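> Give me the fold of what follows.
(chains A and B)
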Protein chains: 2
Amino acid sequence: MPKKINIAIVGFGNIGSFFYKTLEKNKKSIALKTGKDIFIKYISAKQLNKKRIIKIPKPKWIKNPLELTTKNDVDIIVELIGGSDGMAKKLIFAALKNKKHVITANKSLMSKHGDMLALLAERNNVNLEYEASVAGGVPVIRLIKEGLISNKIKKIYGILNGTTNFILSSMEETGKSFVEILDYAKKLGFAESNPISDLNGSDAAAKIKILSSLAFNKKISEKKILTEGIQHLNQEDIDHAKNLGYKIKLLAVSETINGKLMERVHPCLVDKNSYIANINSVLNAIIVDGYPIGRTVLQGEGAGPGATSSALISDLCSILRGNIKYPFGVSHAMRKTTKSFNILKRYCSSYLRVEVKDQHGVLSSITKIFAKNKISIKNLIQIPDKKKKKASIIIITHKTLELHYNKLIKNLNKNKFLIKKPTFIRIEKV
Amino acid sequence: MPKKINIAIVGFGNIGSFFYKTLEKNKKSIALKTGKDIFIKYISAKQLNKKRIIKIPKPKWIKNPLELTTKNDVDIIVELIGGSDGMAKKLIFAALKNKKHVITANKSLMSKHGDMLALLAERNNVNLEYEASVAGGVPVIRLIKEGLISNKIKKIYGILNGTTNFILSSMEETGKSFVEILDYAKKLGFAESNPISDLNGSDAAAKIKILSSLAFNKKISEKKILTEGIQHLNQEDIDHAKNLGYKIKLLAVSETINGKLMERVHPCLVDKNSYIANINSVLNAIIVDGYPIGRTVLQGEGAGPGATSSALISDLCSILRGNIKYPFGVSHAMRKTTKSFNILKRYCSSYLRVEVKDQHGVLSSITKIFAKNKISIKNLIQIPDKKKKKASIIIITHKTLELHYNKLIKNLNKNKFLIKKPTFIRIEKV
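Numbering: from 1, shown residues only, chains lettered A, B, ... in the order given. Prediction:
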């Protein structure tokens, strides 16, 4: 690798421009630590003159990013476009084929095409780095690949989406509704104008797929994993959870059960005194259970220009230090394909909220349906609302097979006394 | 570097033998991840036939570890003897001079001779790795050197000693005395038979010196840093702290104040709802405040064979991957010498417990002494013990210069109504 390294940045929004600024400021310290002098040679963005915190210097501007992949004076391409396909995909494939090192913050692309990209990087003997794709302020990818390198990981889980964590913890703190808090989050810049991929859990799902692949030495799951979001939760659930000693968190979990892999993203009731219950606002937290290390916890800012830039620069320095690394820690050929554990066979306790008409005999009908489905009730609270002639029934169950919950909910839905579909939230031991 | 790498382990107690076992079990996975086949060629320990979890295979045994440093069939030496001088020091100096890579778990040696050793490693173009010397289950050294590489760190602090944290959190939970809990900790193997270096803070001081040197890009502090232990704390202090909304933790802190460095280890009152207050038992936790990343938190087991072996193997893999790294991230010549901030010029709030004879006018004498020393009282609680004719006065102060506390305590000590030296604990905003 030459002493002078040319970098091209593609995508120049909030993150891109902040990264540019930070990189310029840290050139000297990077040279000190890696022995390389970096130079930001090109910047590509759709428009040259958009309003930005930093104006793109005209001589650096390239309209078509694909041109960068064949330029001799580009060593490293930093992709900050986003999106699992389209230009980001074209750019990274072309860059790796042309033996350019790639740094990306793109979790949806990595979770969809990461295996192919890693193979391409390996074949062309270049680095593909993606620390910023999962929890920027938490160097978890490097942690798994290097710090925990020899550990047999049993479970990795945590809060991987700052937007939903902000919403849930703010709902709990303020007592305000989902919609009010979502609006507030948008104003603060904690939720995008179209926050659907955050709210429905798919952002966290992409991230846990990437981590899971690293932790368990396996290819990225191609199938859709169990993904449930927080859109259907309301203030009532948060209050009931609180009174029962729980908080509601959107967790992403990956663990092995009898040699099979269970990856999932869904809201969970967690013990309110647990560590994870007390991760609030936009923070991310990741817990790794491994042997021999025990339990390691990492916590930090999940996104935002600062955290993302920190991760991008750590990737950059890793490349500058000069040895080519397998993007997923081991060579493509050695990454296993793991069978998934069928969620229907999983046991868990759960929280159910059933809204019913306030009629005589309803409670006994409900408990009968539970019994019929072999679900044992641990705790039942009935809250009548005489005015509206309805009642809320809150139930905490003993451990039960997921399959039975499915049947239970189908059975409940058939009954006329039900006002709306029951709310079902799994309880997670953390 | 050849494909087959020979390792020598020196020191074969609990850690050494567990490390050996783990390494043997992980050979295949290490080969997968680093492309190198490792072979444990030699083991050195004082006695061949001591009772151990693993018997030393006789052909591997070497009585004099120094012989290893000149053997052609040794590539990496793992030092697990301990102690800041003596054989550990001789061994590592000789190993580096003879171009052997070194891995050590020895914090007292690293904090005393780390600068010289790093220079020697740099000159001889070999690696010196020491992840296990600070919080084995928390890959914090790698985190600072790699994950947070571009960050300007403002403060790094945390709980770096598991023994004292176990004692403090158990005293709080059980209400038992320091002596009882210490005995219990010894039985559980959480305290050594001579735990003085844990209890008096010097273990944590060695660790914060190492971290501080990495975080602030500077040479290891040669001077003794402010180091206070937990031996003088008693159950009363823990109870009062609790009632006032605090917990007592032994924190190690390093931060820059006006360009100067303040490193210190002492018991602190911390808000009982803070993150660090809820790190209990033998756990370690480290918080890094940096720019642009924000606040990153790491938590895990501090010591023990599992956590230490995990750190040792992460060091080993870093060497096997094959590029020589500066032990402290930058070359010896680029590490600064930073001036220390004079603790006497630091402002903090504090907790004071003064035991006095139960006499008329004592309280007014005490408040007068506080006023004379320009210390403003935020909260005062007087607890008389009529039987013993004494009273405890608990005071929380507003922010005051450390110098004034020193004078205050001197003044208090002169007074005849004092039964014993006051207890003084700083309050730390965490």
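> Would stretch A:300-309 count as contacting chain B?
Yes: Stretch A:300-309 is in contact with chain B by C-beta under 8 Å from any C-beta of the partner chain, via A:300-301, A:304-307, A:309. Where you see a C-beta, it was placed from the backbone N, CA and C, and this is true even at glycine.
> ignore the last one, stretch A:104-115
No: using C-beta under 8 Å from any C-beta, stretch A:104-115 stays clear of chain B, coming no nearer than 13.9 Å.
> Let's see that stretch as PDB, backbone CA atoms only.
Backbone C-alpha positions of stretch A:104-115 (Å, rounded to 0.1, in the frame of the first residue of the first chain) are rendered in PDB as follows:
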ATOM      1  CA  THR A 104     -20.000   1.300   4.000                       C
ATOM      2  CA  ALA A 105     -22.600   2.400   6.600                       C
ATOM      3  CA  ASN A 106     -25.300   0.600   4.700                       C
ATOM      4  CA  LYS A 107     -27.000  -2.000   6.900                       C
ATOM      5  CA  SER A 108     -29.800  -2.900   4.400                       C
ATOM      6  CA  LEU A 109     -27.300  -3.500   1.700                       C
ATOM      7  CA  MET A 110     -25.000  -5.500   3.900                       C
ATOM      8  CA  SER A 111     -27.800  -7.600   5.300                       C
ATOM      9  CA  LYS A 112     -29.100  -8.400   1.800                       C
ATOM     10  CA  HIS A 113     -25.900  -8.700  -0.300                       C
ATOM     11  CA  GLY A 114     -23.200  -9.000   2.400                       C
ATOM     12  CA  ASP A 115     -22.200 -12.600   1.600                       C
END
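> will you turn the residues of stretch A:300-309 next to chain B into TSV that also has distance to residue A:171 and secondary structure?
Converted to TSV, the residues of stretch A:300-309 next to chain B look like this (distance: C-beta to C-beta, whole Å; DSSP: H, G, I helix; E, B strand; the rest coil):
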residue	distance to residue A:171	secondary structure
A:300	23	strand
A:301	21	strand
A:304	21	helix
A:305	26	helix
A:306	26	helix
A:307	24	helix
A:309	30	helix
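> where's the longest helix anywhere in chain A relative to the chain centroid, distance-wise?
Assignment by DSSP state H gives helix A:14-34 as the longest helix of chain A. Remark: helix A:14-34 is offset 26 Å from the chain centroid, using C-alpha atoms, centre = their mean, to the nearest Å.
> Report how many residues lie close to the residue in the stretch 151-300 of chain A that chain B sits nearest to.
Residue nearest to chain B within the stretch 151-300 of chain A: residue A:292 (3.4 Å; C-beta to the nearest C-beta). Per other C-beta atoms under 10 Å in any protein chain shown, the neighbour tally for residue A:292 reads 25.
> Likewise for residue A:397?
Neighbourhood size, residue A:397 [other C-beta under 10 Å]: 22.
> Do a quick rundown of the helices in the stretch 51-200 of chain A.
Secondary structure of the stretch 51-200 of chain A (DSSP state H, counting those that start in this stretch): helices at A:86-97, A:107-123, A:140-142, A:162-174, A:178-188, A:196-199.
> got JSON lines for those, with mean neighbour count and mean pLDDT too?
Converted to JSON lines, the helices of the stretch 51-200 of chain A look like this (neighbours: other C-beta atoms under 10 Å in any protein chain shown; pLDDT from 0 to 100):
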{"stretch": "helix A:86-97", "mean neighbour count": "20", "mean pLDDT": "98"}
{"stretch": "helix A:107-123", "mean neighbour count": "21", "mean pLDDT": "97"}
{"stretch": "helix A:140-142", "mean neighbour count": "27", "mean pLDDT": "94"}
{"stretch": "helix A:162-174", "mean neighbour count": "22", "mean pLDDT": "96"}
{"stretch": "helix A:178-188", "mean neighbour count": "16", "mean pLDDT": "94"}
{"stretch": "helix A:196-199", "mean neighbour count": "19", "mean pLDDT": "96"}
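> and residue A:81, what does it touch?
A:10-11, A:65, A:87-88, A:91, A:106 (C-beta atoms under 8 Å, 6 or more residues apart in numbering or on different chains).
> Among those residues, give me the pair with the biggest separation.
Greatest spacing in the contacts of residue A:81, by C-beta to C-beta: A:65 and A:106 (13.3 Å).
> and residue A:379, what element?
strand A:377-385 (DSSP states H and E).
> Pairing partners for that strand, with directions?
strand A:390-397 (antiparallel) (DSSP bridges).
> So what touches the strand it pairs with?
By C-beta under 8 Å, 6+ apart, the residues outside strand A:390-397 that reach it are A:236, A:240, A:244, A:349-358, A:362-363, A:366, A:370, A:375-385, A:419, A:427.
> Give the next helix or strand downstream of that strand.
Next element after strand A:390-397 (DSSP H and E): strand A:400-401.
> Quick one: distance of that next one to the chain centre.
Between the centre of strand A:400-401 and the centre of its chain there are 27 Å (C-alpha atoms, centre = their mean).
> Give me the mean pLDDT for the strand holding residue A:379.
If you average the pLDDT over strand A:377-385, you get 92.
> Next: stretch A:10-18.
For stretch A:10-18, the per-residue pLDDT averages 94.
> what sits up against it?
A:9, A:20, A:43-45, A:52-54, A:56, A:65, A:68, A:77-82, A:91, A:105, A:305-306, A:308-309, B:292.
> Which one of the contacts of residue A:81 is nearest to residue B:232?
Using C-beta to C-beta, residue A:106 is the member of the contacts of residue A:81 that sits closest to residue B:232, with 54.8 Å.
> Report the separation between that closest one and chain B.
Between residue A:106 and chain B the computed distance is 19 Å (C-beta to the nearest C-beta, to the nearest Å).
> got it, and residue A:23?
8 Å.
> all helices for the stretch 201-350 of chain A, in order.
A:202-215, A:235-243, A:304-320.
> Any idea which of those helices gets closest to residue A:190?
Comparing the helices of the stretch 201-350 of chain A by C-beta to C-beta, helix A:304-320 comes nearest, at 9.0 Å.
> Restrict that closest one to CA atoms and write it as CSV.
Provided in CSV are the C-alpha atoms of helix A:304-320 (Å, rounded to 0.1, in the frame of the first residue of the first chain):
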residue,chain,number,x,y,z
GLY,A,304,-26.1,10.3,14.1
PRO,A,305,-23.2,12.0,12.3
GLY,A,306,-20.8,11.8,15.3
ALA,A,307,-21.1,8.1,16.1
THR,A,308,-21.3,7.1,12.4
SER,A,309,-18.1,9.1,11.6
SER,A,310,-16.3,7.5,14.5
ALA,A,311,-17.1,4.1,13.1
LEU,A,312,-16.2,5.0,9.6
ILE,A,313,-12.8,6.3,10.7
SER,A,314,-12.2,3.2,12.7
ASP,A,315,-12.8,1.2,9.5
LEU,A,316,-10.6,3.5,7.5
CYS,A,317,-7.7,3.1,10.0
SER,A,318,-8.2,-0.7,9.9
ILE,A,319,-7.7,-0.6,6.1
LEU,A,320,-4.8,1.8,6.4
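> Pull out the buried residues from it.
For helix A:304-320, the buried set under the neighbour-count rule, 16 or more other C-beta atoms under 10 Å in any protein chain shown, comprises A:304-320.
> residues from the stretch 51-200 of chain A in reach of chain B?
A:131, A:136-139, A:142-143, A:146-151.
> Now flag whichever of those is closest to residue A:199.
Nearest member of those to residue A:199, counting by C-beta to C-beta, is residue A:136, at 20.0 Å.
> does residue A:186 really touch residue A:193, like I thought?
Yes: taking C-beta atoms under 8 Å as the definition, residue A:186 is a contact partner of residue A:193 at 6.6 Å.
> ok, the residue nearest the centre of chain A - contacts?
Nearest to the geometric centre of chain A sits residue A:204, at 2.5 Å (C-alpha atoms, centre = their mean). Listed by C-beta under 8 Å, 6+ apart, the contact partners of residue A:204 are A:160-161, A:164, A:227, A:250, A:252, A:265.
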